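1. just coords:
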């Protein structure tokens, strides 16, 4: 079977307020993180509404759960925003691109290689999210 060609994510214009909603949701805390301080969170959002939130001991596992939720429930992921509480390496960028999600936002920073990969596939990549602040590493023209 030939390898599947990886395509760039579709263009998508995200409201800046949606990103702040995700930052606020994270800052409000998740149950396990409140108890242990030792979990990572992921959120899946569409049209400004958080559809799924989860925690796991591993940031990759939490991201996989959020993407899996969207796929299993037949959501239109080309209008979605994915959030992770951890730093963003290349494999997280690639998982997001392969799922067709156009925006990946993180509480922490992406690696240099993750930024390069996000540019290649036109993924909007956001990091250093705070209550009303963020750094947009790629896709600076993707906000309304």
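-> Sure, I can see it. Because the structure is predicted, anything quoted here is derived from the model rather than measured.

2. okay, CA-based contacts and neighbour counts for the rest of this
-> Will do.

3. distance of residue 6 from residue 28?
-> Noted for residue 6: a distance of 36 Å to residue 28, by CA to CA, to the nearest Å.

4. tell me which residues in stretch 45-52 are buried?
-> By 16 or more other CA atoms under 10 Å, the buried positions in stretch 45-52 come out as 45-46, 48, 50, 52.

5. typo on my end, it should be stretch 84-103
-> Buried residues in stretch 84-103 (16+ other CA under 10 Å): 84-90, 92-94, 96-97, 100-103.

6. So which of those residues sit within helices?
-> With DSSP state H as the criterion, helices contain 90, 92-94, 96-97 from among the buried residues of stretch 84-103.

7. Make a markdown table from these and add distance to residue 143 and pLDDT to it.
-> Converted to a markdown table, these look like this (distance: CA to CA, whole Å; pLDDT from 0 to 100):
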| residue | distance to residue 143 | pLDDT |
| --- | --- | --- |
| 90 | 23 | 97 |
| 92 | 22 | 97 |
| 93 | 19 | 97 |
| 94 | 22 | 97 |
| 96 | 18 | 97 |
| 97 | 18 | 96 |
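
8. Rebuild those as a markdown table, extending it with distance to residue 117.
-> Below are these laid out as a markdown table (distance: CA to CA, whole Å):
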| residue | distance to residue 117 |
| --- | --- |
| 90 | 7 |
| 92 | 10 |
| 93 | 7 |
| 94 | 8 |
| 96 | 11 |
| 97 | 10 |
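
9. Mean pLDDT per element in the chain, and the minimum belongs to which helix or strand?
-> The least trusted helix or strand in the chain, going by mean pLDDT, DSSP states H and E, turns out to be helix 31-36, with a mean of 69.

10. Next secondary structure after it?
-> Next helix or strand after helix 31-36 toward the C-terminus (DSSP states H and E): strand 40-46.
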